[in-house]
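In: Return atomic coordinates for the entry below.
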Amino acid sequence: MNAKFKIDWDAFVHALVTSIGAVICLYLTFNSAMDIRGTVEPLGSLLCNGPLTSLHRILPSITQGYAICDIVNGFEVGTKDAMAHGAATFAVMTLFIELGASHIIAPILIMECSTVILTLLRATFFGPKMQMATQAVFVISFFFWRIIVSPISLFHACWVMYTNDFSDCFPRRLFYITSAFSIFFMSLNLYWFIKIVKKVRRKLSGKEGMGDLDRK
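Out: A predicted model of the protein is given here:
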């Protein structure tokens, strides 16, 4: 794990590349699908039309590959959270890739936008004020991308699957797999957000210092 300036650069680069790609995918999915091929998304992807763009197809594979790094890093530093996160991400990405449906969940990787800020929280080149600002930006970005945007995108995908017959192109179980995946990751995000809010309250009450970033 490359941790110069106390930044996990592997995680930073992956989160940056993935989040930029996911923003593009999300924009194209909701704003340009009709112009690109005349069908709204994700319905077009469900009806045997394939990925909307090559980026939709490639992005989940990048995340699948990085999940292996997450698992290896977890073993190296003995962090169970990293191993569990890597294993869950790898399993989900692999499942969708094997079903040929990875492009459907590419926009969901928008969650990585908050991870970009997370990797910078311990940066040694930030002064106290910049560190506080970075923590505030992380809380806001986590809430926006993982608690608001991602659930809306996931619900939309599940609703389109539920209300349309795509059995000629994908097995019907894809709906149940996507729903289970959505519930799991949204519950996980909500769990972490509650922990973040509790930590913010401890900082504001003076029970913890502003520089204390240990997970509790």
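
In: longest helix of the chain?
Out: Looking across the chain with DSSP state H, the single longest helix is helix 173-205.

In: Buried residues, it. List them.
Out: Going by neighbour count (16 or more other Cβ atoms under 10 Å), the buried part of helix 173-205 is 174-175, 177-179, 181-182, 185-186, 189, 192-193, 196, 199, 203. Heads up, the C-betas are built off the backbone N, CA and C, glycines and all.

In: I'd say residue 181 and residue 93 touch.
Out: No: applying Cβ atoms under 8 Å as the test, residue 181 and residue 93 come out as separate, 10.1 Å apart.

In: quick one on the thing from earlier: of all the buried residues of helix 173-205, which two lie farthest apart?
Out: Comparing every pair within these by Cβ to Cβ identifies 174 and 203 as the most remote, at 42.7 Å.

In: residue closest to the middle of the protein?
Out: Of all residues in the chain, the one closest to the mean position by Cα atoms, centre = their mean is residue 111, 3.1 Å from it.

In: what separates that residue from residue 5, distance-wise?
Out: Note on residue 111: its distance to residue 5, by Cβ to Cβ, to the nearest Å, is 24 Å.

In: residue ranges for the helices of the protein, please.
Out: Secondary structure of the chain (DSSP H): helices at 9-31, 33-37, 43-46, 54-77, 80-98, 102-105, 112-118, 128-142, 150-163, 173-205.

In: can I get those in a markdown table with mean pLDDT?
Out: Output for the helices of the chain, formatted as a markdown table (pLDDT from 0 to 100):
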| stretch | mean pLDDT |
| --- | --- |
| helix 9-31 | 91 |
| helix 33-37 | 89 |
| helix 43-46 | 87 |
| helix 54-77 | 86 |
| helix 80-98 | 85 |
| helix 102-105 | 88 |
| helix 112-118 | 93 |
| helix 128-142 | 91 |
| helix 150-163 | 91 |
| helix 173-205 | 89 |
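
In: what's the most buried one of those helices?
Out: helix 102-105 (a mean of 25; mean count of other Cβ atoms under 10 Å).

In: circling back to that earlier point, now flag whichever of the buried residues of helix 173-205 is closest to residue 42.
Out: Closest approach between those and residue 42, by Cβ to Cβ: residue 178, at 9.8 Å.

In: which residues sit in contact with the closest one?
Out: Going by Cβ atoms under 8 Å, 6 or more residues apart in numbering, residue 178 touches 104-105, 154, 157-158, 161.

In: nearest to residue 87, of these?
Out: Nearest to residue 87, judged by Cβ to Cβ, of the contacts of residue 178 is residue 105 at 17.5 Å.

In: Quick check: nearest residue in space to that closest one, chain neighbours excluded?
Out: Distance criterion Cβ to Cβ, 6 or more residues apart in numbering; nearest residue to residue 105, sequence neighbours excluded, is residue 96 at 5.6 Å.
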